[in-house]
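Enquirer: Only the shape, not the letters, is given here:
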């Protein structure tokens, strides 16, 4: 027990512990142009730490790295580099073009393609022209695939063997290909037409006898994904089945590439961040280290759109100015009714968006989902409606006012819940990403609906409110 | 090009393609009590598909599975089972206690602990008593660790070797331990005190010569996590460094267990879902297949809390009833001012919560972050404030009304942005999960602030508005 407490004390400072390298020493070595000292320390680092250092160091010193590190060493660093998409162009421009091209050719194809996708078309062509033919060909093939598909995140560096060989010869191939393959922990088995017919894990390979045939120990139930399948669906499959890699095939089952778990973790983070930022009404949450102007630039489009929607709400209320002049107390309850319907709509929206994202929604019929949400809206609406009626009656002493507000809240919550589920479902049906129906939009739409209901009811029953 | 289109056609039906097994055949085999037919088909399936089948089949038929499958086979299925937490108790109750205990002892320790954590304390004790001593001991050790820490998700089935041996002897140990270890792709190197001193990947092991010493090829810069470190920090580290496993150590660097990437993917999904649901103001989005009552039960606590906050807003406006009676047109703009400040607060909140979740926020000082958000609030506030002033002036023809509304919106957006960043930062400082400061709460708090500003200003400058 005491141990655990001590350990917790230590972990408090963990973010700093994670600095696994001596930044000052490295910078000093660069400043003093001491290449040997720099390399002796730097080459030992994990590529993620190398990339962290690279992204932090100022441009002048960074230029020295291109002389101190070989294109191959820089390639490994680049694979771990996590910078703003628009910065890749500037960084590559700092390098000698042939150095950059050679670095790209040494990167895993999928990572090189990620970098090239951020550049102008002309630049891509010029790098591919300088590059050795084989790498250029591999990269060109991957550049064809649409973003967010399995093809766009797969790599072509994998180990494939024929089923008509022994464990011994497979191990021999593996030892030769290990330095280049992105993963060697799953080995894919192909037939003479390069069609995927099986898979074997390195674990099974090393515990098998050397003379056993691959066809005897391979699993024929190999799961694969189509090259144009959505990356989110691939991530789900990899997570559900606990795979470290998944093979990618074309429609004739030809093995085209593999997707590894590290890429899938990036996809998961990207998709989660994307859903989250859309719920919050903000275009891009990827990085936070910017100035107020770029931050405002990301938020203003949403705010201005919402301002206009808000003005529409105002013009609606404006139509009920006569009602308001006669019963000014109605104004007091505008925020609670519009706020509550906004909140309940966001809840229903979140359920639908998550359900679509995790695929859970496929498991039941749309109809039963809508009916369930309608039921939920009725229950929450009735509870809150009765509650607010009682509160208003006790507070203001007016029975009919309480009744109008209660009934308005009941109907508003019911309609808002339905809107929250229907909008994303319809968008999904229309093949639009339902997360675009962001929180603020659903909220503002529900504002409008609830105010129409509230003032509509109040106007109809005005004689009772006087 | 044509190929890709064809492929897309095919992929549309992917969710159904993923049914990699013949459910009808399996059910028929169960109904006919044809154990041989059932086993011949079922044993071949991936454990995730077995678990999917298991969760779907009705209780009566499921009972037969406990006779058709050995506890060891059932253990593998259980490791992939993804059901509601509260259902584990019922499922285990269906089994003979000694069968259940044996199954638990065959599961990876971390997965067994996950199941046991859902049971009553008495039940846990009774299963541990029936179980073989060694398994019970390992499980008991893990049960001690707090939820959401590295200790709670680690497993004790790993391969550790001494550095004073050759590659040949290490491979020999590996082949023996492979069937039981959760991963064999990283092998950890320990000294005589069982302290972690190095790591070597299976990839490096198989490409090294048999007579090389482990100490020569191992990496001494082995990264590890403390046993009580937060699981989210562990996930971040594993994702950043692209590891397939991370060793877990105590404060003296003793190797206690490992965390594998499949568990980390579950953590990532859990944490993302958690942040998302809190932003939406809903307690639990894990599953959507429930009835309206259980759905309403999850949403009502938030809605009722927000109803009370909303009534507080109403009582605030109520204090300005005199102002409203004199200038009823003010009521029209309540929703747009409160709505806009709610939206902008949610944006700032989302930036802060994501920044804390990804650790990006550690990279800059809190002060510069707050200053940046203040600047952002000023820019968005000025833009929207000037915009609404002009619109109101054009629409209503009243200069001072436009000015009061514009200035109110400016100040509200500025304050709301600051509130959106300060609340989660303060919570983080107080070691409270900042995601608890959910979207609806920030929205409602900002409603209150903005209405105070709006009616405050209007009351002060009322003489100009008449």
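Expert: Cool, the structure landed. Keep in mind that what you see is a predicted model, and the values were worked out from it rather than measured.
Enquirer: Let me see the contact set for residue A:271.
Expert: A:231-232, A:235, A:357 (CB atoms under 8 Å, 6 or more residues apart in numbering or on different chains). For glycine as for every other residue, the C-beta is placed from the backbone atoms N, C-alpha and C.
Enquirer: Now it: which helix or strand?
Expert: Using DSSP states H and E, residue A:271 sits within helix A:261-280.
Enquirer: avg pLDDT for that helix?
Expert: The average pLDDT for helix A:261-280 rounds to 84.
Enquirer: when you check the contacts of residue A:271 against the helices, which ones overlap?
Expert: A:231-232, A:235, A:357 (DSSP state H).
Enquirer: What residues sit buried inside the helix holding residue A:271?
Expert: A:261-269, A:271-280 (16 or more other CB atoms under 10 Å in any protein chain shown).
Enquirer: just the angle between that helix and helix B:261-280, please?
Expert: 0 degrees (axes from the mean of the first three to the mean of the last three CA atoms, to 10 degrees).
Enquirer: Could you pull out the strands in chain A for me?
Expert: Listed in chain order, the strands of chain A (DSSP state E) span A:160-162, A:186-190, A:196-201, A:225-226, A:245-249, A:255-260.
Enquirer: Dump these to TSV, plus mean neighbour count and distance to residue A:321.
Expert: Shown next, in TSV, are those (neighbours: other CB atoms under 10 Å in any protein chain shown; distance: least, CB to CB, whole Å):
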stretch	mean neighbour count	distance to residue A:321
strand A:160-162	18	74
strand A:186-190	22	70
strand A:196-201	20	70
strand A:225-226	25	59
strand A:245-249	25	62
strand A:255-260	25	60
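Enquirer: Low-confidence ranges, chain A, go.
Expert: Along chain A, segments meeting pLDDT under 70 span A:1-20, A:283-290, A:359-364, A:433-438, A:466.
Enquirer: follow-up on the earlier one: and the contacts of residue A:271, which is closest to residue B:174?
Expert: Of all the contacts of residue A:271, residue A:235 has the smallest distance to residue B:174: 30.3 Å, by CB to CB.
Enquirer: pretty sure that closest one is touching residue A:264, no?
Expert: Yes - assessed by CB atoms under 8 Å, residue A:235 is found in contact with residue A:264 at 5.0 Å.
Enquirer: Outline the domain layout of chain A.
Expert: For chain A, the structural domains run A:21-144, A:160-261, A:292-465, going by automatic domain parsing.
Enquirer: looking at the ones you listed, which is buried most?
Expert: The highest average neighbour count among the domains of chain A, using mean count of other CB atoms under 10 Å in any protein chain shown, belongs to domain A:292-465 at a mean of 21.
Enquirer: hang on, the earlier thing: closest to residue A:52 out of the strands of chain A?
Expert: Across those, closest to residue A:52 is strand A:255-260 (CB to CB), at 21.5 Å.
Enquirer: chain center to the closest one, what's the gap?
Expert: Here the centre of strand A:255-260 is set off from its chain's centre by 21 Å, with CA atoms, centre = their mean, to the nearest Å.
Enquirer: and that strand with strand A:186-190, angle?
Expert: Using the same axes, to 10 degrees: strand A:255-260 against strand A:186-190 is 170 degrees.
Enquirer: Please report the distance of residue A:404 from chain B.
Expert: 14 Å (CB to the nearest CB, to the nearest Å).
Enquirer: Please verify my assumption that that residue contacts residue A:465.
Expert: Yes - using CB under 8 Å, residue A:404 is in contact with residue A:465, at 6.7 Å.
Enquirer: intersection of neighbour lists for these two?
Expert: In terms of CB under 8 Å, 6+ apart, residue A:404 and residue A:465 are both contacted by the residues residue A:458.
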